[in-house]
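Chemist: Okay, predicted coordinates and the sequence, questions at the end:
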Amino acid sequence: MEIVRSLSKVALFQCFSDEELSQFLKEGGMKLTHYAKDQLVALQGDACSTLDVIVEGRLSLQSIDEQGAVFKARVLERGEIWGATLLFSRYNRYPLQVVCDRACSVIRIKRSVVLSLCSTKPDFLVGLLQIISDRTYELGLTVSKLNEQTLRQSLLDYLSQLSRQQGSDSVTLPVSKTELANRLGYARTSLSRELALLRDEGLLSFNGRQVHLHISSKS
């Protein structure tokens, strides 16, 4: 089955054999759903009733302000999971809307099935708790950055992190400048203006998605 093959590639579910996953599938409560690019998966305020696994595509958790500016609080890729922090909460409504950045295929697993998976395999329970803990930590970092960091600080932190990941002071942006601005929570024009200022001050140079840092990523 397509669902079993897809789940077996996700780290959280690798403690189960294909036979075990097939048995859970037969019992119901798992569904593979396909979404088009830009399609809404969940609205802000919708109740979260499933643990969702992306098996193809990309989606984002985002908000739109009164001026129409988009802020992407988190971007999720293939193999990632969302809904873990809400599924068992007393406050189980999405605080942000969920939108497909690309065409997506998502496996949606009902709460009752997740409970069965947790009781069957302690490793699954530990993995799920780890995801919840990581999301809580990441949310704290995001809130801290929004409250304390300027666009310049956020941009330099992002580029420094990218430099460490790519192992070079010359990095390639994995997303467009519009997408990067959305993820940082600023307008595209503000991001372009700040990049130009950093270039004029000699802190970096850039050409398209290629950026060369003239400062150490370890600083």
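Modeler: Cool, the structure landed. Residues are numbered from 1 along each chain as shown.
Chemist: hey, which helix is longest across the protein?
Modeler: Counting residues, the longest helix found in the chain (DSSP state H) is helix 122-148.
Chemist: Buried ones in that one, by neighbour count?
Modeler: Residues of helix 122-148 classed as buried: 124-125, 127-128, 131-132, 135, 145 (neighbour count, 16 or more other CB atoms under 10 Å). All C-beta atoms are positioned from the backbone trio N, CA, C, and that covers glycine.
Chemist: Over to stretch 174-192?
Modeler: Those would be 179-188, 191, for stretch 174-192 by 16+ other CB under 10 Å.
Chemist: Between the two ends of it, how far is it?
Modeler: Counting by CA to CA, to the nearest Å, you get 16 Å between the two ends of stretch 174-192.
Chemist: which residues make contact with that stretch from outside it?
Modeler: Residues outside stretch 174-192 that contact it (CB atoms under 8 Å, 6 or more residues apart in numbering) are 60, 62, 69-72, 75, 146, 151, 154-155, 158, 162, 173, 195, 209.
Chemist: what pLDDT, on average, does it get?
Modeler: Per-residue pLDDT values across stretch 174-192 average out to 86.
Chemist: residues near residue 51, how many?
Modeler: Using other CB atoms under 10 Å, residue 51 has 24 neighbouring residues.
Chemist: ok, it - contacts?
Modeler: When contacts are counted by CB under 8 Å, 6+ apart, residue 51 touches 81, 83-84, 87, 108-109, 111, 114.
Chemist: tell me the pLDDT at it?
Modeler: We note a pLDDT of 95 for residue 51 in this prediction.
Chemist: Doesn't it belong to a strand?
Modeler: Yes. Applying DSSP: H, G, I helix; E, B strand; the rest coil, one finds residue 51 inside a strand.
Chemist: quick one: it from residue 182, how far?
Modeler: 26 Å (CB to CB, to the nearest Å).
Chemist: Residue 72 is in what secondary structure piece?
Modeler: Here residue 72, judged by DSSP states H and E, is contained in strand 70-76.
Chemist: Contacts only, for residue 75.
Modeler: 58-61, 101, 183.
Chemist: out of these, who's nearest residue 12?
Modeler: Closest approach to residue 12 among the contacts of residue 75 (CB to CB): residue 59, at 17.6 Å.
Chemist: now the closest one, which residues is it bridged with?
Modeler: residue 76, residue 100 (DSSP bridges).
Chemist: Could you list every helix and strand in contact with the lowest-mean-pLDDT helix or strand in the chain?
Modeler: Among the helices and strands of the chain, helix 122-148 carries the lowest confidence by mean pLDDT, DSSP states H and E, at a mean of 79. Counting contacts by 3 or more CB pairs under 8 Å, 6 or more residues apart in numbering; DSSP states H and E, helix 122-148 is packed against strand 70-76, helix 111-120.
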